[in-house]
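>>> below is the sequence, then the predicted model.
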Amino acid sequence: MSKQVTIRQFRYFAAAARTGRFSMAAAEEHVSQSAITSAVLSLEAHLKVTLFERLQHGVALTAAGHDFYRHVRFVLDAFDEALHRPGQQNNGVSGVLRVAASYTVLGYFLPELVLRFKKANPGIQFDLIDMELAQMEQAVLNGDIDMAVGLTSNLKDIGRFEHQVLLRSARKLWVSPSHPLGMRASVTLQEIAPYPYILILVDNAQESGLRFWRRHQLEPNVVLKTRSMEAVRGFVAQGLGVTILSEMVYRPWSLEGKRINAVPIEDGVPVMEVGMFWHKSVPLCETAQAFKHFLVYACH
């Protein structure tokens with residue numbers, strides 16, 4: 001009979017997944033490195049899968065580990081919410097909530113949060129709309145939606161809106177392990193520049209991505225522009241190009257099961273910020289105000 005799985009093991013595993021190093025996870029959790037290692041080994045024995053690939057400079061989640069991490073995050077968030085929200089009304093708020101969100105946010109950030117909010121507020125009816133950033137800005141200004149959730153770091157003039165940052169995610173080099181830069185501990189933009197580069201076009205990424213290249217007086221060697229995240233992963237995993245994208249959308253495998261590494265960049269490439277924004281002179285309705293408070297609580 002295997003030992004019982006504990007919340008502490010989940011916390012230690014999640015810290016290792018976030019930091020990519022058992023030593024950093026130990027420092028974050030204020031325990032010994034052996035405690036982190038023991039927790040991970042116990043979980044792997046219980047699940048009968050390998051959760052981390054052990055690398056020269058740390059660890060990386062396997063496909064099974066990445067899937068498990070999503071569930072662990074949900075459990076830890078729910079556990080924390082249960083501890084900090086006792087005695088609150090169970091019926092919550094009700095009504096229609098009009099929210100626009102971008103491609104990246106809808107795919108990698110909002111689903112689990114929307115599920116949790118709807119469970120706490122069953123009377124809420126979401127009207128979710130997929131929009132590009134420019135469309136979202138105009139929809140907020142026109143009053144067509146209650147709020148927008150997108151990559152606020154990519155907005156051209158965020159001062160036009162009330163806003164709240166919810167998540168900051170580091171940008172890293174995505175690269176095949178067989179690529180000359182694939183096993184490096186870190187790289188510079190100067191080193192990346194000569195190699196074939198894949199540019200994602202969604203969420204105003206072309207303009208915002210090229211901005212930090214030009215700040216260093218460099219241009220990437222773009223060989224593919226695409227709106228498909230899976231196309232990016234496929235080409236990177238095959239060694240046909242590299243890209244710079246955030247940890248939030250990083251997955252260590254392509255659809256074909258080929259490995260993708262994420263290498264830190266030394267040049268101070270700006271982080272990607274996910275946030276919500278709404279009209280500066282129009283107060284949020286009750287449902288939007290409740291969703292705003294929930295997102296701030298859940299993300300911070």
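Ah, there it is.

>>> can you list the buried residues in stretch 131-149?
The neighbour-count criterion (16 or more other C-beta atoms under 10 Å) identifies 131-133, 135-137, 139-140, 145-149 as the buried residues of stretch 131-149. Every residue, glycine included, has its C-beta placed from N, CA and C.

>>> just the ones of those residues in strands?
In this view, the buried residues of stretch 131-149 that belong to strands under DSSP state E are M147, A148, V149.

>>> residues touching the helix ranked longest in the chain, excluding its own?
For the chain, the helix reaching the highest residue count under DSSP state H is reported as helix 63-84. The contact list for helix 63-84, computed with C-beta atoms under 8 Å, 6 or more residues apart in numbering, reads 7, 10-11, 13-14, 17, 43, 47, 49-52, 61, 112, 116, 251-253, 257, 297-298.

>>> skip the chain neighbours and tell me the closest residue to the spatially most central residue of the chain.
Geometric centre of the chain, nearest residue: M248, 2.1 Å, by C-alpha atoms, centre = their mean. In space, and not counting its chain neighbours, M248 is closest to S169: 4.0 Å by C-beta to C-beta, 6 or more residues apart in numbering.

>>> ok, then the element right after the host helix or strand of S208?
Taking DSSP states H and E as the definition, one finds S208 inside helix 205-215. Reading on from helix 205-215 to the C-terminus, the next helix or strand found by DSSP H and E is strand 221-226.

>>> what bridges to V59?
Taking DSSP bridges as the rule, V59 bridges to R54.

>>> sorry, back to before: which one of the ones in strands among the buried residues of stretch 131-149 is nearest F291?
Relative to F291, the closest of these is M147; by C-beta to C-beta it sits at 7.3 Å.

>>> how many neighbours does L167 have?
19 (other C-beta atoms under 10 Å).

>>> next, the distance between the ends of stretch 248-268.
Distance between the two ends of stretch 248-268: 18 Å, counting by C-alpha to C-alpha, to the nearest Å.

>>> Three-state assignment for the closest residue to T152 other than its chain neighbours, please.
The spatially closest residue to T152, leaving aside those adjacent along the chain, is G275, at 3.7 Å (C-beta to C-beta, 6+ apart). Per DSSP: H, G, I helix; E, B strand; the rest coil, the secondary structure class of G275 is strand.

>>> any idea how many residues pack against G275?
22.

>>> tell me the pLDDT of it.
According to the prediction, G275 has pLDDT 95.

>>> so for stretch 280-288, mean pLDDT?
Regarding stretch 280-288, the rounded mean pLDDT is 94.

>>> can you check stretch 246-262 too?
88.

>>> strands of the protein, start to end?
52-55, 58-61, 94-101, 123-130, 147-150, 161-169, 171-175, 196-200, 221-226, 243-246, 261-263, 272-279.

>>> pairing partners for the fourth one, with directions?
Yep, that's strand 123-130 we're talking about. In the sheet, strand 123-130 lines up against strand 94-101 (parallel) (DSSP bridges).

>>> on that earlier part again, so which of the contacts of helix 63-84 sit within helices?
Per DSSP H, those map to helices at I7, F10, R11, F13, A14, A17, L43, L47, E112, R116, Y297, A298.

>>> how many neighbours does the third one have?
Burial measure for R11: 19 neighbouring residues, criterion other C-beta under 10 Å.

>>> tell me how far S153 lies from T6.
With the distance defined as C-beta to C-beta, to the nearest Å, S153 ends up 37 Å from T6.

>>> before we move on, the earlier item: can I assume the residue nearest to the centre of the chain is in contact with Y108?
Yes - with contact defined as C-beta atoms under 8 Å, M248 and Y108 form a contacting pair (5.5 Å).

>>> what's the overlap in contacts for those two?
Looking at what touches both M248 and Y108 (by C-beta under 8 Å, 6+ apart), there is no common residue.
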